[in-house]
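Asker: For reference, the sequence and a predicted model appear below.
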2 protein chains.
Amino acid sequence: MSLPKNVLLIICDGLGDRPCKQLGFKTPLEAAKKPNLNALAKKGACGLMYPLGPGIRAGSDTAHLNILGYNMKRYYQGRGPLEALGIKVQLKQGDVAFRANVATVDKEGIIVDRRAGRIDDASELAKALDGMEIKGVKFIVKPGTAHRLAIVMRGKGLSANISDSDPHKTGVRPLAVRALDDSKEARFSASVLNEFLKKAHSVLSAHPLNKERKKKGLPEANIVLVRGAGMFKPVQSFEERFGMKACCIAGAGLYKGIARFLGMDVLEVKGATGKANTDIKAKVNAAIKALQTYDFVFLHIKGCDIFGHDGDASGKKKFIERIDSALKPLLKLKDTLIVITADHSTPCCMKDHSGDAVPVLIAGPSVRSDSVSKFEERSCINGYYRFNSGLELMNEILNLTARAEMIGS
Amino acid sequence: MSLPKNVLLIICDGLGDRPCKQLGFKTPLEAAKKPNLNALAKKGACGLMYPLGPGIRAGSDTAHLNILGYNMKRYYQGRGPLEALGIKVQLKQGDVAFRANVATVDKEGIIVDRRAGRIDDASELAKALDGMEIKGVKFIVKPGTAHRLAIVMRGKGLSANISDSDPHKTGVRPLAVRALDDSKEARFSASVLNEFLKKAHSVLSAHPLNKERKKKGLPEANIVLVRGAGMFKPVQSFEERFGMKACCIAGAGLYKGIARFLGMDVLEVKGATGKANTDIKAKVNAAIKALQTYDFVFLHIKGCDIFGHDGDASGKKKFIERIDSALKPLLKLKDTLIVITADHSTPCCMKDHSGDAVPVLIAGPSVRSDSVSKFEERSCINGYYRFNSGLELMNEILNLTARAEMIGS
């Protein structure tokens, strides 16, 4: 039996779930019709995985790092740099990056809308702030989708160990950014950032776009809220590390950012939105095509997580059925190691990530196919695999493709 | 039910495999007729084990250390010392030991045969080199089987952090040994070893045995190639550590070396060759006899690994059937904890070690026997055990024999 020629890793974000009352105490994955996933399960080996460890609640960012073989304890630098990379900001070592929103405060400075009425496009506002310099620190401000921005502080003597200005709720003032340790760098960074946020408020309040919005009765995007500070440090690329030329197909920025962080090519696919309306078939087809030129294709599908956060079990089930239908062409792949899993569970009853195990499926040449015939959380209990960390999954991928280094002789 | 009186650990080297096309996509173990192994599986509890961790490719040396309860991260010193101990070289703390071959270079110094035509006996050549002293470093040179030697550097200020002279291929010159760090010790050791290798070339070229070989048209054994440097440091013996008087029955030198490293007695058994032609019945009978005087008998059977490296699935299956047949007397053991496993998988499709899980079987008094009735990679999925490290297996042996220390109170 030959070895796999390449690898297709599909991460269905937030796929795992708990028994849902509205689905007769099945999980959305158990309730879904999924002939193709089940056919792959029959063909391959299944099991369970705890991306960060048994019972540990994983973020999407940390879980992806582990699953892609980068120990999050060592490589996770906060969400900010990954989001910035997701919208193609070129980061340099030592940059401190944040996720940010444009938001609305009233005359008393109280936040009345954390997303400035989900403003369509904050590009003009970003441009007005981009390039500002304070005490030798340059602020790079780039627009993401809708109300989202990436903000990067570039300069000497910075620290990312500072708090958010975003209070994550309305009806209160933005928080003053604080140093989270006693270092000179953290105190300096907090003070410079506070000054930037004050100036940004002035600039945005006076911006023509906001005057227009006011006229139209729309919430002004008159303040910036920052969160998720992280200091960027480049890492050894996925290709250098694992010997596989790799690409990523994803809709949402974070996953593109993670891919860029690891030096993967990011392939843009029309209709890939990172939302429930995404064109899954287009993404799967692009992934299959990419297998002709890449050793490792990472395909990210966000939808399940969104339905989980909304507590919509039936919507999650239907989205899984859409995924299943889009995966049909995978049944024809002969030489590819197909790996399907999730970064974490997002149970509808929690409306948030949980630390529950996620199902994992590996099919293709070299696999010790097992008796599991359904790709479901509870069928996978009887499968071959039990990964207590996402890192173990990458070890197994390297093992099955004969790329693992031997320890000893 | 009483506690086991003693332990028989059988390691079938390289036993695990992947589905093999030529066996109808069964593994050799699955395809083999093995009534005795299956009877033991029925009687006991089965499971899977990753000797060094999920997906991690293990060497035989590192895997054995973990399985025998010595964390390889702490105790592995390289293969050299273990091979030297395997041929009864008496090592002292600080010795740097190597595996070595006598080999053939042509007039231009190009390696034309890494094993000097698999010369029968290199004893005379070893004797000619043994005892050489360079800059206060004494070289101990002892013959192994055929073209193999053990070479030990004994002296002050040595380091094992030096490279191999063996390029592991023909058609090139031997490599100059290099220091792998900037220490004085590594540089000194590399330089002394290079001088020894040069002198060894002169001595061997002029040796009467080689003149004879030349006359007969045989490749001259005119050079020494070294690899696997390791510095010897004695460790606490198996008996002191685990309270069990232990012995080893093995054909191949490495396993005897590992046993001696851990202070076990090595019992020599006639017909134990460490090859496919070994007398498995004689080894099993010797092991059963040894249980009368030892608390822990470690029986090593090499053959499966050899067939795996050769990619010979059918040969591997037949060798497993020979093992099974030799194990019949085990069914009569009443008071012994029987542990059967492998140090790693050597899938025929890879012709090398893989990071796949190995099956494990534990039978005897005290065992929570499970429903697994076949000792096979995939039947073991449903077994009681899942060891993510060989170290966990020894913990379980200590547990079942009521020898484990309590943590806390």
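Answerer: Ah, there it is. Numbers count the residues shown, from 1 in each chain, chains lettered A, B, ... in the order given.

Asker: For the helix ranked longest in chain A, the averaged confidence score.
Answerer: Counting by DSSP state H, the longest helix found in chain A is helix A:184-205. In this model, helix A:184-205 has an average pLDDT of 98.

Asker: packing partners for it?
Answerer: strand A:96-105, helix A:123-129, strand A:133-134, strand A:148-154, strand A:223-231 (3 or more C-beta pairs under 8 Å, 6 or more residues apart in numbering or on different chains; DSSP states H and E). Just so you know, the C-beta spots here come from the backbone N, C-alpha and C atoms, and that holds for glycine as well.

Asker: tell me which strands and helices the third one is in contact with?
Answerer: Right, strand A:133-134. Counting by 3+ C-beta pairs under 8 Å, 6+ apart, the packing neighbours recorded for strand A:133-134 are helix A:184-205.

Asker: hmm, back to that, and the longest helix of chain A, what's buried?
Answerer: A:185-186, A:188-194, A:196-197, A:200-201, A:203-204 (16 or more other C-beta atoms under 10 Å in any protein chain shown).

Asker: any idea how far the nearest residue to A:Ala342 once chain neighbours are set aside lies from chain B?
Answerer: The shortest distance from A:Ala342 to any non-neighbouring residue, by C-beta to C-beta, 6 or more residues apart in numbering or on different chains, is to A:Leu15 (3.5 Å). Here A:Leu15 is placed at a distance of 21 Å from chain B (C-beta to the nearest C-beta, to the nearest Å).

Asker: could I get stretch A:74-85 in PDB with only the CA atoms?
Answerer: Provided in PDB are the C-alpha atoms of stretch A:74-85 (Å, rounded to 0.1, in the frame of the first residue of the first chain):
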ATOM      1  CA  ARG A  74       5.100  28.700  22.600                       C
ATOM      2  CA  TYR A  75       3.800  30.300  19.500                       C
ATOM      3  CA  TYR A  76       0.600  32.100  20.500                       C
ATOM      4  CA  GLN A  77       1.200  35.900  20.500                       C
ATOM      5  CA  GLY A  78      -2.400  37.100  21.000                       C
ATOM      6  CA  ARG A  79      -5.100  37.500  18.400                       C
ATOM      7  CA  GLY A  80      -4.000  41.000  17.300                       C
ATOM      8  CA  PRO A  81      -1.100  40.000  15.000                       C
ATOM      9  CA  LEU A  82      -3.100  37.100  13.500                       C
ATOM     10  CA  GLU A  83      -6.000  39.400  12.600                       C
ATOM     11  CA  ALA A  84      -3.600  42.000  11.200                       C
ATOM     12  CA  LEU A  85      -1.900  39.400   9.000                       C
END
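
Asker: Rounded mean pLDDT for it, please.
Answerer: 96.

Asker: The host helix or strand of A:Ala282 - contacts with which helices or strands?
Answerer: Following DSSP states H and E, one finds A:Ala282 within helix A:280-290. In terms of contacts (3+ C-beta pairs under 8 Å, 6+ apart), helix A:280-290 is packed against strand A:6-12, strand A:246-249, strand A:296-301, helix A:313-326.

Asker: for the residue of the stretch 151-300 of chain A found nearest chain B, what are its contacts?
Answerer: In the stretch 151-300 of chain A, the residue that lies nearest chain B is A:Phe242 (12.3 Å; C-beta to the nearest C-beta). Contacts for A:Phe242 (C-beta atoms under 8 Å, 6 or more residues apart in numbering or on different chains) come out as A:69, A:296, A:394, A:398, A:403.

Asker: Pretty sure the second one sits against A:Phe238.
Answerer: What that stands for is A:Phe296. Yes - contact status for A:Phe296 versus A:Phe238: in contact at 7.2 Å, counting by C-beta atoms under 8 Å.

Asker: any common contacting residues for these two?
Answerer: In contact with both A:Phe296 and A:Phe238: A:244, A:246, using C-beta under 8 Å, 6+ apart.

Asker: Distance of the residue nearest to A:Ala342 relative to A:Leu9?
Answerer: 13 Å (C-beta to C-beta, to the nearest Å).

Asker: Quick check on those two: which one has the bigger neighbour count.
Answerer: Taking neighbours as other C-beta atoms under 10 Å in any protein chain shown, A:Leu15 and A:Leu9 compare with A:Leu15 leading, 30 against 23.

Asker: what ranges do the helices span in the stretch 251-400 of chain A?
Answerer: A:253-261, A:280-290, A:303-310, A:313-326, A:390-400 (DSSP state H, counting those that start in this stretch).

Asker: so what secondary structure elements neighbour the last one?
Answerer: Just to be clear, that refers to helix A:390-400. strand A:45-49, helix A:60-67, strand A:336-341, strand A:358-363, strand A:385-387.

Asker: Also the first one?
Answerer: Packed against helix A:253-261, as judged by 3+ C-beta pairs under 8 Å, 6+ apart, are the following elements: helix A:60-67, helix A:79-86, strand A:246-249, strand A:265-266.

Asker: Reformat the ones you listed as a markdown table; add mean neighbour count.
Answerer: Converted to a markdown table, the helices and strands packed on helix A:253-261 look like this (neighbours: other C-beta atoms under 10 Å in any protein chain shown):
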| stretch | mean neighbour count |
| --- | --- |
| helix A:60-67 | 27 |
| helix A:79-86 | 28 |
| strand A:246-249 | 24 |
| strand A:265-266 | 18 |
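
Asker: and of those, who's closest to chain B?
Answerer: That would be, of those and by C-beta to the nearest C-beta, helix A:60-67, which comes in at 12.9 Å.

Asker: and the residue of the stretch 51-200 of chain A nearest chain B?
Answerer: A:Gly69 (10.4 Å).

Asker: With A:Phe98 as the reference, measure out to the residue of the stretch 251-400 of chain A at minimum distance from chain B.
Answerer: Going by C-beta to the nearest C-beta, chain B is nearest to A:Asn395 of the stretch 251-400 of chain A, at 2.9 Å. As judged by C-beta to C-beta, A:Asn395 and A:Phe98 stand 33 Å apart.

Asker: ok, now A:Glu133?
Answerer: The value you get for A:Glu133 to A:Phe98, if C-beta to C-beta is used, is 17 Å.

Asker: higher neighbour count, those two?
Answerer: A:Phe98 (30 against 12).

Asker: Just the pLDDT at the more buried one, thanks.
Answerer: pLDDT, A:Phe98: 96.

Asker: what pairs with it across the strands?
Answerer: Legend: beta-bridge partners of A:Phe98 under DSSP bridges are A:Ile151.

Asker: ok, now which ones touch it?
Answerer: A:Phe98 touches A:80, A:150-153, A:226-230, counting by C-beta under 8 Å, 6+ apart.

Asker: What subset of these is buried?
Answerer: The buried subset of the contacts of A:Phe98 - by 16+ other C-beta under 10 Å - is A:80, A:150-153, A:226-230.

Asker: Can you report phi and psi for A:Val137?
Answerer: phi -100, psi 130 (degrees, to the nearest 10).

Asker: need the contacts of A:Phe242 in TSV with neighbour count and pLDDT, can you?
Answerer: Below are those laid out as TSV (neighbours: other C-beta atoms under 10 Å in any protein chain shown; pLDDT from 0 to 100):
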residue	neighbour count	pLDDT
A:Gly69	19	98
A:Phe296	25	98
A:Met394	24	98
A:Leu398	21	98
A:Arg403	15	96
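
Asker: For burial, what's the neighbour tally of the nearest residue to A:Lys5 once chain neighbours are set aside?
Answerer: Among residues not flanking A:Lys5 along the chain, A:Asp335 sits closest, at 4.0 Å (C-beta to C-beta, 6+ apart). Neighbour count for A:Asp335, taken as other C-beta under 10 Å: 12.
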